[in-house]
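What shape does this take:
(chains A, B and C)
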Amino acid sequence: MELFLTFLKAFAVGGAICTIAQLLINYTKITSGKILVTFLLAGALLQAFGLYQYVVDFAGAAATFPISGFGYLLAKGAIEGAKEGLFGAITGGITAAGAGITAAITFGYLFAVIFKVRSKKN
Amino acid sequence: MRNRTFIFKNQPRIHATATLGGPKEGSGPVGKYIDTIVHDDYFGEKTFEKSERKMLEYAIRQAIQKTNFSDKEIGAIVAGDLLNQIISSSYACRAFDIPFLGIYNACSTMSEAFIIGGMMVDGGYVENVICATGSHFSSAERQYRYPLELGNTRPPQAQWTVTGAGAAVLSVRGKGPKLVAATLGKVVDFGITDTNNMGAAMAPAAADTLLEHFKNSHFKPEDYDLIITGDLGAFGSRIFKDLMWEKGFDISERHVDCGEMIYNIAEDEFQGGSGAGCSAIVFNGYFYKKLCNKEYKRIVLIATGALLSSVSSQQGESIPSIAHAAVFES
Amino acid sequence: MQGNENINFNKNYIDYISSIAPKTKETRSLLRAFWVGGTICCIGQFIRFAFETWLGLSGDELAAYVSVVLIFLGGLLTGLGVYDRIGKYAGGGSIVPITGFANSVVSPAMEFKSEGFIYGTASKMFIIAGPIIVFGVASSVLIGLSYYIYFLVV
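Numbers count the residues shown, from 1 in each chain, chains lettered A, B, ... in the order given. Predicted coordinates:
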């Protein structure tokens, strides 16, 4: 039962965040790059005031899967780093998000080498 | 006083045409009028750019072969395309022993080519001239919009760049349809900045050219079997008809749009085709054959072009547009 | 002479266009974004459970592995030409999850392979995702420094 609830929360919160993005697309016609930046900054900013933590506490890890969760991770890392000193304050964010960025670059290059662009039928 | 409309006294004829389309074009309503359908968008090449220039080269070669002329008998190739510095046309023309005039008016390049080629033939400077344009969805998409594999929704007002090429041989001889008159377009910009809404940007240019055409010539809308616009799309066509109606011309019964007719428009997906290849394929394929069969007596082709670049649109500039009209009689 | 900017701009025309322009189907697009976005997050949650149970991972390490796998999947689906289909259907639902970030890295990298592996793939890889890393890093430094000063003062 608890397992079911976890998935339900993941679905609801993940879906809700994406729906907000779709609302933004519908009303402002902004493109995907700007959507990603907006959500990233929103996540980072909310966490700077400790607010995104509530979303994560409620929905579990699912709240960290959208790009706003990436912002959350950066902000959280920076804040924890700041507790250790100036160096930590500067490098904390990228350290926390390092796995994601490394994966994106490595797999990105790998898949680009392997696959070829296809034309679209519609 | 300047007159934007002129009459071709010697009436150059379309001696032959050749068209080539991609798989999506082939399965559309005008598919059976396209000479060659390519089932692979790469056309056996490594990149889409190479594919585009090969398509253009192929269309030009086919057109020449249909006339049985040798390269030496062709006075010039007047061609253009959508890629930066019109590389497709320039590279395609490496294969021919024919002088080359490269032109660019975005998607209205086909009618521009007809007008320039027509003037050369009409003036007696050359006997035969080739007018050709082409475009490719995948190369245009990458130049003007996003990578193909990027997961993005297309807004409902967007259009689809046609993959394909068309070429026509204008000649002093032959029995084909005659090019009788033309009206030059001027650059019109009503301030549309949405690069997905080309139809709205180009409709005022088309209306400007057609109004000028009616004003300067003795023709009325009723004199035409069809008034064909290039690639306004469904939405742009509606605006075009509204604009003409506002000025007192009811063209709704005789207006068709190449972009609107080239694809089976699926529910709310997009507004139709666009690109230099759009009017090239539809006119040189479908309308040329209808003119040869005498199904239409007089039609006017107003190919429309949006004269933007990816730099101007990123800098938030509006979209200047142009439309040239060429009148053909069977 | 007036500025070249507004040479024959027509405000009435722009208003008329925006009043009749075709609209996105609101409810349908939102529903699609919701269910696809929700499903991607559920898949992430499932991977997380799997790693927790079978590999015994936990904490930050677990979270990092899960995002790496999601990025891998997003990249793979992009390479196979599937992700842009999902994106066309779901809009925001597939852009915002971390898989969408992977898509925005892999798609230009593939697209520009024709310009070579260095100036094509490697440098064009970030034409869409670059700003995310720039703003991400910049904002984290800003937040870190603010907190550092805050901790010094308090």
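
Name the surrounding residues that touch the lowest-mean-pLDDT helix or strand in chain C.
When the helices and strands of chain C are scored by mean pLDDT, DSSP states H and E, helix C:11-20 comes last with a mean of 85. With contacts defined as Cβ atoms under 8 Å, 6 or more residues apart in numbering or on different chains, helix C:11-20 is touched by B:190-192, B:197, B:200, B:204, B:238-239. The C-beta positions use only the backbone N, C-alpha and C, and glycine is treated the same way.

Let's see that with 7 Å instead.
With contact meaning Cβ atoms under 7 Å, 6 or more residues apart in numbering or on different chains, helix C:11-20 is reached by B:190-192, B:200, B:204.

try stretch B:48-61
With Cβ under 7 Å, 6+ apart as the criterion, stretch B:48-61 contacts B:18-20, B:41-43, B:45, B:77, B:79, B:81, B:83, B:88-89, B:91-92, B:95-96, B:130, B:132, B:134, B:136, B:138-139, B:164-167.

what's the nearest residue to residue B:136 if we skip its chain neighbours?
residue B:52 (3.8 Å; Cβ to Cβ, 6 or more residues apart in numbering or on different chains).

Quick check: which ranges of the chain have low pLDDT?
In the absence of a named chain, chain A is used. A:121-122 (pLDDT under 70).

My question was about chain C, not that one.
Using pLDDT under 70, the flagged stretches of chain C are C:1-8.

how close does the residue of chain C found nearest chain B get to residue B:9?
In chain C, the residue that lies nearest chain B is residue C:87 (1.9 Å; Cβ to the nearest Cβ). Per Cβ to Cβ, to the nearest Å, residue C:87 is found 55 Å from residue B:9.

can you give me the helices for chain A?
All helices of chain A, identified by DSSP state H, fall at A:2-28, A:32-48, A:52-59, A:67-84, A:86-114.

Mean neighbour count and distance to residue C:38 for those - can I get that in TSV?
Formatted as TSV, the helices of chain A follow (neighbours: other Cβ atoms under 10 Å in any protein chain shown; distance: least, Cβ to Cβ, whole Å):
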stretch	mean neighbour count	distance to residue C:38
helix A:2-28	19	3
helix A:32-48	22	16
helix A:52-59	17	11
helix A:67-84	26	14
helix A:86-114	20	21
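
Can I get these in a markdown table including distance to residue C:107?
Formatted as a markdown table, the helices of chain A follow (distance: least, Cβ to Cβ, whole Å):
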| stretch | distance to residue C:107 |
| --- | --- |
| helix A:2-28 | 18 |
| helix A:32-48 | 10 |
| helix A:52-59 | 28 |
| helix A:67-84 | 16 |
| helix A:86-114 | 9 |
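
closest to residue B:317 out of those?
helix A:32-48 (18.5 Å; Cβ to Cβ).

near chain C, anything from that closest one?
Yes - using Cβ under 7 Å from any Cβ of the partner chain, helix A:32-48 reaches chain C at A:32-33, A:35-37, A:39-41, A:44, A:48.

give the contact list for the residue of chain C closest to chain B.
Contacts of residue C:87 (Cβ under 7 Å, 6+ apart): B:151-153, C:94-95, C:103.

Tell me which two of those sit farthest apart.
Farthest-apart pair in the contacts of residue C:87 is B:153 and C:103; separation 13.2 Å (Cβ to Cβ).

Which of those two has more residues huddled nearby?
residue C:103 (33 against 23; other Cβ atoms under 10 Å in any protein chain shown).

where's the residue nearest to residue B:136 relative to residue A:33, distance?
Distance, residue B:52 to residue A:33, using Cβ to Cβ: 26 Å.

Now do the SS call for residue B:129.
Following DSSP: H, G, I helix; E, B strand; the rest coil, residue B:129 is assigned to strand.
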